[in-house]
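Participant: Next input, structure requested:
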Amino acid sequence: MDLSCSHWSRNCSFGGYPHSIVARRSVCIDQATCDRILPGMTVAEVQEIIGGPDGWYGIRRYHSKRPVKKGYTPTWVAKSGEIVLDLDQQRRVKSAKFYEVSDAE
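Facilitator: Residues are numbered from 1 along each chain as shown. Have a look, this model is predicted:
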């Protein structure tokens, strides 16, 4: 079973009215996906590569060896690991790093 891609759903709305349409996408969080993220990319471009906005996918808690950094850091987390972006002043990618996670629930 591939743990690097998790499925998530998002409710859609058109013209401000909610609809029962649900979009289903796969979010891939692994070293290979992280390797596709290049310096100079926007967060929106990274979201397209990973398959969704930053956040936690399918877990409630975990442990990581990622160094703690002050402020907002776009981070995608799943049982397969986490991808963390370092952004420059223009909010473009300086670097992307993949970290393995443990004790993910």
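Participant: what pLDDT does residue 58 get?
Facilitator: Residue 58 carries a pLDDT value of 88.
Participant: did I read that right, it in a strand?
Facilitator: No - counting by DSSP: H, G, I helix; E, B strand; the rest coil, residue 58 falls outside a strand, being coil.
Participant: Please shift the residue numbers so they start at 5 in all later answers.
Facilitator: With 5 as the first residue, the last one maps to residue 62.
Participant: I figured it hits residue 81, correct?
Facilitator: No - between residue 62 and residue 81 there is no contact under C-beta atoms under 8 Å: 9.0 Å. Glycine gets a C-beta too; all of them are placed from N, C-alpha and C.
Participant: Point to the residue nearest the middle of this structure.
Facilitator: Centre of the chain computed as the mean C-alpha position; nearest residue by C-alpha atoms, centre = their mean is residue 80, 2.8 Å away.
Participant: Would you confirm that that one contacts residue 54?
Facilitator: Yes - under the criterion of C-beta under 8 Å, residue 80 makes contact with residue 54 at 5.4 Å.
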